Structure formats: C-alpha cells, structure tokens
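Asker: coordinates only, sequence not included:
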C-alpha cells in the first residue's frame with residue numbers, strides 16, 4: 001500500500017500548487033463493475049455483458065462514475081491530513097472522462113493541490129485529480145475536486 005504524504009491541518013497552505021503524490025495501482029475487475037452496476041442501477045451492456053461487449057468492442061469497460069467514485073479511496077493513499085475532526089466533500093468544478101477503462105486494467109490517482117483557502121471555519125482544498133490507466137498515455141479521468149476540512 002502507498003505511503004500517503006502526511007500534512008498537518010495548520011500547514012495545508014504549504015502544499016498549494018504542488019503535486020501531492022501518486023497512489024498504488026488498482027485492478028478494475030468485473031466483480032467491481034458488476035457491484036457498481038447493482039448499486040447504481042446502471043446495467044448498460046458495455047459494462048456488464050462480457051460476451052456482447054467483447055464481440056462489439058473488445059471487452060467491457062468500467063462506468064465513468066465508478067472511476068470517479070474511486071477518488072476517496074485512492075486519495076487516502078496519496079494524502080493524510082492530521083489535526084482534523086472531519087472532512088466534507090464540497091463538490092467538483094470540473095469532471096472529464098477522457099478515456100475508457102477496460103475491465104482488467106489497472107488505475108491509479110495522481111493528485112495536485114491547486115489551492116487552500118479559508119472556508120466556513122475550516123479550510124477548502126481544491127485538488128486536481130488525474131486517474132491514470134497503466135500503459136495508456138491518456139488518463140481515464142481529470143477532475144477538480146473540492147473538500148472542506150475542519151480542525
């Protein structure tokens with residue numbers, strides 16, 4: 001497992017503008033895709049019908065929103081902020097699905113801290129999140145996510 005970068009809440013501003021780190025690689029298997037389909041009700045054949053997807057496009061692909069939903073898990077491998085009582089997902093300014101994730105491929109998160117600013121008695125962090133696909137030049141996802149942390 002990756003060793004996350006550890007930053008104290010009081011020092012968050014020091015990482016603004018910096019690449020924070022990179023997570024471990026994680027395999028996106030068909031079981032994960034099927035569980036996501038069940039959780040969301042999105043059973044489109046390109047995700048869950050292995051035979052049809054293989055004939056039509058070489059194999060099934062992960063849901064874009066499955067890829068997006070990996071950010072909290074992968075982000076925990078990249079950065080750990082000490083001295084906080086809670087963190088709130090505040091939203092996203094941008095989310096782009098820039099490449100398909102074939103089932104069986106490996107993905108990882110590369111994260112950069114864009115800014116840290118005071119917000120509602122806490123600190124708002126805007127992060128650039130890039131989910132890379134092993135062996136692919138173009139990433140699966142690029143997003144700007146916003147989290148508010150409280151001490």
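Answerer: Right, received. Where do you want to start? If you're wondering where the values come from, they're calculated on a predicted model, not measured in any experiment.
Asker: the longest strand along the chain pairs with which strands, parallel or anti?
Answerer: Determined from DSSP state E, the single longest strand within the chain is strand 106-119. When pairing is defined by DSSP bridges, strand 106-119 lines up against strand 19-22 (antiparallel), strand 26-27 (antiparallel), strand 122-133 (antiparallel).
Asker: which of these sits closest to residue 79?
Answerer: strand 19-22 (5.0 Å; Cβ to Cβ). (Each C-beta comes from the backbone N, C-alpha and C, glycine too.)
Asker: off-centre distance for that closest one?
Answerer: Between the centre of strand 19-22 and the centre of its chain there are 13 Å (Cα atoms, centre = their mean, to the nearest Å).
Asker: hmm, who's touching it?
Answerer: 2, 4, 5, 78, 79, 108, 109, 110, 111, 112, 113, 127 (Cβ atoms under 8 Å, 6 or more residues apart in numbering).
Asker: mind listing what's buried in that strand?
Answerer: 20, 21, 22 (16 or more other Cβ atoms under 10 Å).
Asker: likewise for stretch 133-145?
Answerer: Buried-residue list, stretch 133-145, by 16+ other Cβ under 10 Å: 133, 139, 140, 141, 142, 143, 144, 145.
Asker: got it, and stretch 46-66?
Answerer: So stretch 46-66, judged by 16+ other Cβ under 10 Å, has buried residues 47, 48, 53, 59, 60, 61, 62, 63, 64, 66.
Asker: list of residues touching it?
Answerer: 28, 30, 32-34, 36-37, 40, 42, 45, 97, 100-104, 141.
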